[in-house]
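Colleague: sharing a sequence plus its predicted fold:
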Amino acid sequence: MGDCIFCDIAAGAAPAHCVYDDGTVFAILSLEQPTPYKLLVIPHAHVENLFDLDDELAASIFKATVKIARSVRDVSGCPGLNLVQSNGTVGQQDVFHFHLHIVPRFEGDGILLDWDNSHASQDKLAQFAGEIRIGLQSNHE
């Protein structure tokens, strides 16, 4: 086996319960099941994080994610779900091959996404928006 568990799974060298594979993107049941039917959506290509995805691969991942999420909802009866995707150590990424968690949500499941929901000032929001717009124009056109 290699250095990347997801590359090993994609190559058939490590076991996993695969539920979807279109040749570009595959989905497996997560070993951790905080709620039933939790899945990981993973590109076959080794791409470390969100910042390294090209537009075509990003579109393929999200297209597959929508299809898989609908199936999870249908089979599990979950009334909602979260998509969780982490980047970098500070972002709590622990496997450095891009992957997107599909986490079905059920009433009383005990999962909390908790952060300070205080509103920022309009001046601060305008500042952030301006900085992002400039970044988009200079870095990604």
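Modeller: That came in fine, so what should we check first?
Colleague: tell me how far the residue of the chain positioned farthest from its centre lies from G130.
Modeller: Relative to the centre of the chain, the most outlying C-alpha is that of D123, 31.4 Å out, by Cα atoms, centre = their mean. Distance check for D123 against G130: by Cβ to Cβ, to the nearest Å, it reads 11 Å. C-betas here are computed from N, CA, C, even on glycine.
Colleague: thinking again about what came up before, hey, C-alpha coordinates of the helix or strand containing the residue farthest from the centre of the chain in CSV?
Modeller: Per DSSP states H and E, D123 falls inside helix 122-139. Extracted in CSV, the C-alpha atoms of helix 122-139 (Å, rounded to 0.1, in the frame of the first residue of the first chain):
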residue,chain,number,x,y,z
GLN,A,122,-21.8,46.6,7.6
ASP,A,123,-18.4,48.4,7.3
LYS,A,124,-16.5,45.2,8.0
LEU,A,125,-18.7,43.2,5.5
ALA,A,126,-18.1,45.9,2.8
GLN,A,127,-14.3,45.6,3.5
PHE,A,128,-14.3,41.8,3.2
ALA,A,129,-16.4,41.9,0.1
GLY,A,130,-14.1,44.4,-1.6
GLU,A,131,-11.0,42.4,-0.7
ILE,A,132,-12.5,39.2,-2.1
ARG,A,133,-13.7,41.0,-5.3
ILE,A,134,-10.1,42.4,-5.9
GLY,A,135,-8.7,38.9,-5.2
LEU,A,136,-11.0,37.3,-7.7
GLN,A,137,-10.1,39.9,-10.4
SER,A,138,-6.4,39.7,-9.9
ASN,A,139,-5.9,36.0,-9.2
